Every structure is written in structure tokens, then in C-alpha cells.
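Engineer: Okay, sequence plus prediction incoming.
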Amino acid sequence: MPRYSEATLAAIKNAVNIVTLIGDYLPSLTRSGSKFKALCPFHDDHTPSLEVNPERQSYKCWSCGAGGDVFDFVQGYDRVEFPEALRMLADRTGVALETPSTGPATEARGPSKSDLLAACAWAEQAFADALKRAPEVMAYVRERGINDESIERFRLGYAPDVRDWLSGRVRREGFSMEMLEKTGLIARSTEYPDSTRDRFRGRLIFPIHDQGGRTIGFGGRILPAAERVAVAAGKHVAKYINSPETALFKKSRLLYAADLARGAAREAKWVAVVEGYTDVIAAHQVGLANVVATLGTALTADHVPALRALADRVVLVFDGDNAGQTAADKALELFLGHEIDVRVLTLPDNLDPCDFLLKEGDGPFRALVEKAVDPLSFALRRAEARFDLNALEGSRQASEWVLTILAKVPAANRAGLDVKVGKALDKLSERLRVPVATLERRLTQLRRAAVGRPQAAPSQTAGPAAAPAGPPVRIADLDPIDRELIQIVLNDPSVAGRLISRVAVASLRDAPLRAILQACYDLHGEGESPTSERVMLRLDEPGVKSLAAGLLLPIERAPLPDSVRPASWEDRLAGVLAKLTERDWQNRLRDLKEALDETDANANPDEYRALQLEYRRLMNQRPDTKRKHAS
């Protein structure tokens, strides 16, 4: 892997405020004392367990173990390798990257993520320019109720109905065909591998952005003229298509307009989820900027962390028709399995959100949001609508349907929902005139049956919700004495020089702690102070970097009484060195005792006597652990 100088890495790191960086990714980041906390994006977090230390410029999740510096966060969140994270942060800060030194020659790996982002940004501009030059398409967009301000805000574009309109101009713009293929903008024929075609033709283009506003993919809606031509030729064309899965584009975890909705959602403390691009645009256009949409897919568990990162409450908006209600039924099972405040809103008169918003405006929509119900109440309403509760069989079907949904709530998340489930059972009991105890017994049976079924394989979609690569190093599994020593060195680098002659790296029991201490000693030997920032840059293993970040962020215990002051680093070091001396003494005694046990006094009397004398001498030299060892 190319190696950049430590000066370059330090320049980029010093130019990035980790609080600002993580805040741009995680709207849930809020101040907590001298630090900041947020819901961790690397696991399904329910209470803020990610802690950011602005003084140390590091972060740590106390639940899943993720941690490190700005490079580690970008690597973990954006799922990129270190060189790509470095380029992304260099672009963010404006720091120029020198030509890196390289190790052994490596095989070319194709376009980088930065290259793909540049290609997507270029294509977005090309589509936008094409729309401005197509008055008939602009007229169609305006007929759909989308004004010029929204066209600019959402960067809408147009892909002409020409086989190679985009690919034909790619080379003169400095991009390669491979780059366009990797972004999904062109497709290769399965029958004729040397033949390619533009993926988006004769379509209105909806660029899709990540949380940082970077273009990572596209959605395309077939235009009426192109649709008529296709139908006349006997071809079936999809109304909407999206970019395929790429290194940038993961459809099952992305939300349309999440970058534009973030600020408004944080301010309003709720975010609405609709089904289509034009639904989102209509909402923003009438003043509801806290609205997002899925990308033509049903809501999945991968969407939940992204929604939770936007706001505390999620309002699911569904059409009033049968298709909308069926989608709502499926969403119920998903969101009941997560401790997240969800409300369900069904629009009246079978209207879709776009039509309702453009016709009624934001006021009536906000009023409906206020009346939106929680998923369990919605499930009861749906049961009343779907089944004849006055008939014996209808009552049985209704109870079975609602209880089956409740039984799918994972055991890990059930504790926080027990009160809601209890209320739902009370309502169901009252409506069906069935004892609560009967419903509870049936619910228990369904839960046991659900546990017995094979579980679906966990999602393999790469994304911010995925755990960081490699097993995390658990602080609790490390030797407590060695762990405290490393914590002291990281927080007070001035002690490193005194430790080199007293604590050998090999004497530490855990490899991750040895790696950190070795980095400290190496820096000291080079005349550099082993500050936490320099140490982090020296560490290669993500798990070790995460550990170092954790040792810089000690868990805050209950406040000490006013009369009690915490021990200084010097005092703590004295205590640790005393314990290490005691441990070394005990280890030597144990080794001598084992040697004595393994030596035959009759066969090797001289050797046995020498070991015995050394054992007795050492017994009389027990270290005084009350002495100060930090001097």
C-alpha cells in the first residue's frame, strides 16, 4: 500500500475537526459535558454510545468497540480503504497529497472511489445541462408541479433517448469507459461483451446523493415520448430504474434527499418517509424539508439506522389505496423489531403524497402527522378493516394476524416494547371480547414457534450500519495492569522516556497493548513526543487504533465527592510500576519453582542446589510495593 509521510497525515488530521466531521455524518451528535455523544452508525444503536473527544480528536463506541481518529471514522462509515479515506479528507481540507512512497509493486485495482465520485458529478452536470436545452422535457416537469427552484435544488436532469449520448463524450472529458461502467452509467451487453450502451435513455434524471451531498447514483423516470416509441416497437420499459449496486450505490440502505432533509429533520425532531422521488420534491417545495424516500424498494432493516440518524421520530406515509396499505403492513413487522419512535400516516381519498401536498399544502399534512398513530394502534385498526370482528372466524383471524406481528419482535428489543404490547393486548381483548390471558398464551406460543424457525441470514450490504472490519479488541479482556500503563502513556506522553529502560515491550501480556507501547517507544527514539495523535498514525490495525482511542476516553464514573481529588498521572504511574515489579517478582518465583520441580535432586544435585539458593534469595528480596516507582 502507498505510504504517505507522517507530516502529510498530520496536516490533514490537524485540518479536520472530528466533531464537525462526525456531526456532518451523524445529526444525532450532541454535546455531553466536555465530550459529544451520538447514536453509533456501526451497529444497531438504541442509546447514544458513540463518544467523541474533541480534545483528543478521537471517537469510541462503548458498545461495539468501534473507535479511532478521523481516518478510521471515514473508513468505517464510507466503507473505504485507508488511501481512499485519506484522499477524501484531503479533498475536504484542501491539503495537497504528495506522491506516496510505494512498497513492492501491486496489481492495479481500477478506479478509486474518488474517481467514481468525480464521474458521477460530471454525469449529473451533463444531465442537468441537457435538461436546460430540452424545452419539451422542462414543460413536462412543470406539468408535474415541479417548479424551477426545485429543479435546481434536486439537480434534476435529462438523459436523451440516444444509445451512446453519455458514453460518446466521456473520453474528451477525461474519464474512461471503465469508470462509467463502475458507476453504473453504462451497461455492457451480455450477448456482445464489447458492446455498451447508456443505462439511462429518454428519462428524467433524479440524482441520488449521500449524506454529504455527493452524487453516488441516479434514478430515471421514463418520459412519455420515449415510452410511446418503446411501446410502438413492442418493447416493455420500466417506469422507473435506478443505478445498479456499485462501490458507491447501495440501494437498500439509501434514502433519497437525506442530505437535504437532515437539518429540517433535526429541527422538527421527526422525519417523514414517502415512496417516490416526486413525493419528496413536492414536500420540500411546499415547505416540508424533513421528508425522504426509499429508492423504489420496501423499507428494510438497513434503512433503520439511517432514519434514526436523521431524527428521533419516524413518520411512515402510505397511500390510502390497497397497495399503500399492504406496504404499511410489511413495514409494521420491520419497525416493531426496533426501538424507534414510529408513527404511521395513511393519506385520505386514495391520494399519493405528491398529489395531496400540491393540492392541500403543508398545513393539512402537518395536521395529519399530529394524528399519526403508533404501529400497534395501526395494526389494530388494520385488523378491524380487514376482518369481520363480529364473526367468530373473523375474530380468530384478526387476533392471529395481530399476534403474529407481535411475535416477530426480536427478544433483544422486546423489553422496551412490553408496555406497548400490553396495551395492544388490552385493546385487542376489549374489541374481540377475548380474555387477555388467552391472547398472552397464544402470543407465547407464536414466539416460541418463531424462535424455532431458521432465521434469515443477516444482511451483507456494506454500509454505515455494518460493524467495523476485524474483531474489536475488548478493553475488559486485557490485562488491567498493562492496560492502565498504556492509558497513562497515551494521556501523559512525557513518561515514555522513563519507561523504556524499566518496562520491556515483551513484558506486556496482550499483543494490542504491546503494539501501542512499541509505537510510543519508536517515536521517543526518533526524538518525537509520543502524543496520542502521532501514536494513532503509527498504528496499522483498526482494532488496535480503536483500542487506543478507547484508552483516551476513560469511562466517566460517578462524580467524586468535593473532598476527594482524582489521582494524578504520576501517582497512577507509581502504582502501576509497583504492580509490574511485584508481577515480575512473582513470575520469576514461579519459573524457579517450576524449574525446581522439574530437576532431579539426586541426578543433578549441583543444579538443584543452585536453583534452591536462587529461589531463597529471591524470596528474601520481595519488592517494597509502597515505594514510589515513578521517579
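Structural biologist: Cool, got the structure. Residues are numbered from 1 along each chain as shown.
Engineer: which SSE is I12 in?
Structural biologist: helix 6-15 (DSSP states H and E).
Engineer: Tell me the first helix or strand C-terminal of that helix.
Structural biologist: Counting by DSSP H and E, what follows helix 6-15 is helix 18-25.
Engineer: Report the buried residues of that following helix.
Structural biologist: If you call a residue buried by 16 or more other C-beta atoms under 10 Å, then helix 18-25 has these buried ones: 18-19, 21-23, 25. Placement of C-beta: from N, CA and C, glycine included.
Engineer: Contacts for the next helix or strand after that helix, please.
Structural biologist: On the C-terminal side of helix 18-25, the closest following helix or strand by DSSP H and E is strand 30-32. Strand 30-32 is contacted from outside by 36-38, 48, 51, using C-beta atoms under 8 Å, 6 or more residues apart in numbering.
Engineer: would a markdown table of the buried residues of helix 18-25 with distance to K545 be doable?
Structural biologist: Converted to a markdown table, those look like this (distance: C-beta to C-beta, whole Å):
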| residue | distance to K545 |
| --- | --- |
| I18 | 14 |
| V19 | 19 |
| L21 | 16 |
| I22 | 16 |
| G23 | 21 |
| Y25 | 18 |
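Engineer: if we take these, which one ends up nearest to L185?
Structural biologist: Checking the buried residues of helix 18-25 against L185 by C-beta to C-beta gives Y25 as the nearest, at 26.0 Å.
Engineer: residues in contact with that closest one?
Structural biologist: So Y25 contacts 41, 73, 77, 211-212, 309, 464 (C-beta under 8 Å, 6+ apart).
Engineer: what does C354 give?
Structural biologist: Here C354 is in contact with 145, 276, 278-279, 281-282 (criterion: C-beta under 8 Å, 6+ apart).
Engineer: from these, which single one is nearest H524?
Structural biologist: Comparing the contacts of C354 against H524 with C-beta to C-beta picks out I281 as the nearest, at 58.4 Å.
Engineer: Surely that closest one touches F154?
Structural biologist: Yes - counting by C-beta atoms under 8 Å, F154 is a contact partner of I281 at 5.7 Å.
Engineer: For those two, indicate the residue with more neighbours.
Structural biologist: Set I281 next to F154 and count neighbours by other C-beta atoms under 10 Å: I281 wins out with 28 against 21.
Engineer: Against A258, how distant is the more buried one?
Structural biologist: Computed as C-beta to C-beta, to the nearest Å, the I281 to A258 distance reads 14 Å.
Engineer: Run through the strands of the stretch 251-400 of the chain in chain order.
Structural biologist: 270-274, 291-293, 313-318, 341-346 (DSSP state E, counting those that start in this stretch).
Engineer: hang on, the earlier thing: could you dump the buried residues of helix 18-25 into a markdown table and include pLDDT and distance to R366?
Structural biologist: Output for the buried residues of helix 18-25, formatted as a markdown table (pLDDT from 0 to 100; distance: C-beta to C-beta, whole Å):
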| residue | pLDDT | distance to R366 |
| --- | --- | --- |
| I18 | 94 | 36 |
| V19 | 93 | 32 |
| L21 | 92 | 33 |
| I22 | 92 | 31 |
| G23 | 88 | 27 |
| Y25 | 83 | 28 |
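Engineer: Tell me the helix or strand right after the least confident helix or strand in the chain by mean pLDDT.
Structural biologist: Ranked by mean pLDDT, DSSP states H and E, the weakest helix or strand in the chain is helix 411-414, scoring a mean of 52. Per DSSP H and E, the first helix or strand lying C-terminal to helix 411-414 is helix 418-432.
Engineer: Could you pick out the one among the contacts of Y25 with the lowest pLDDT?
Structural biologist: When these are sorted by pLDDT, the bottom entry is P464 at 45.
Engineer: show me where pLDDT drops low in the stretch 1-150 of the chain?
Structural biologist: Residue ranges of the stretch 1-150 of the chain with pLDDT under 70: 1-3, 79, 98-110.
Engineer: Please enumerate the strands of it.
Structural biologist: 30-32, 35-38, 50-53, 58-61, 67-68.
Engineer: Identify whichever of those lies nearest to E570.
Structural biologist: When the strands of the stretch 1-150 of the chain are compared by C-beta to C-beta, strand 50-53 sits nearest E570, at 21.9 Å.
Engineer: which helices and strands does the closest one pack with?
Structural biologist: Helices and strands touching strand 50-53, by 3 or more C-beta pairs under 8 Å, 6 or more residues apart in numbering; DSSP states H and E, are helix 18-25, strand 35-38, strand 58-61.
Engineer: in its sheet, what does that strand sit against?
Structural biologist: Under the criterion DSSP bridges, strand 50-53 sits next to strand 35-38 (antiparallel), strand 58-61 (antiparallel) in its sheet.
Engineer: Show me the contact partners of that strand.
Structural biologist: So strand 50-53 is contacted by 18-19, 22, 26, 29, 32, 35-41, 58-62, 66, 552-553 (C-beta under 8 Å, 6+ apart).
Engineer: any idea how the chain splits into domains?
Structural biologist: Split into domains by automatic domain parsing, the chain comes to 6-93, 110-249, 376-452, 475-555, 572-619.
Engineer: Let me have those domains in CSV, adding distance to D302 as columns.
Structural biologist: What follows is these, written out as CSV (distance: least, C-beta to C-beta, whole Å):
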stretch, distance to D302
domain 6-93, 10
domain 110-249, 12
domain 376-452, 16
domain 475-555, 22
domain 572-619, 44
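Engineer: for those, which one sits closest to F365?
Structural biologist: Minimum separation from F365 across the domains of the chain (C-beta to C-beta) falls at domain 110-249, 14.8 Å.
Engineer: how close does the closest residue to H303 other than its chain neighbours sit to Y77?
Structural biologist: Counting by C-beta to C-beta, 6 or more residues apart in numbering, H303 lies nearest to R253, which is 6.2 Å off, once chain neighbours are set aside. Distance of R253 to Y77, given as C-beta to C-beta: 12 Å.
Engineer: V162 too?
Structural biologist: Distance from V162 to Y77, by C-beta to C-beta: 38 Å.
Engineer: between the two, who's got more neighbours?
Structural biologist: Y77 (23 against 13).
Engineer: That one contacts P41, doesn't it?
Structural biologist: Yes - when contacts are counted by C-beta under 8 Å, Y77 is listed as touching P41 (5.9 Å).
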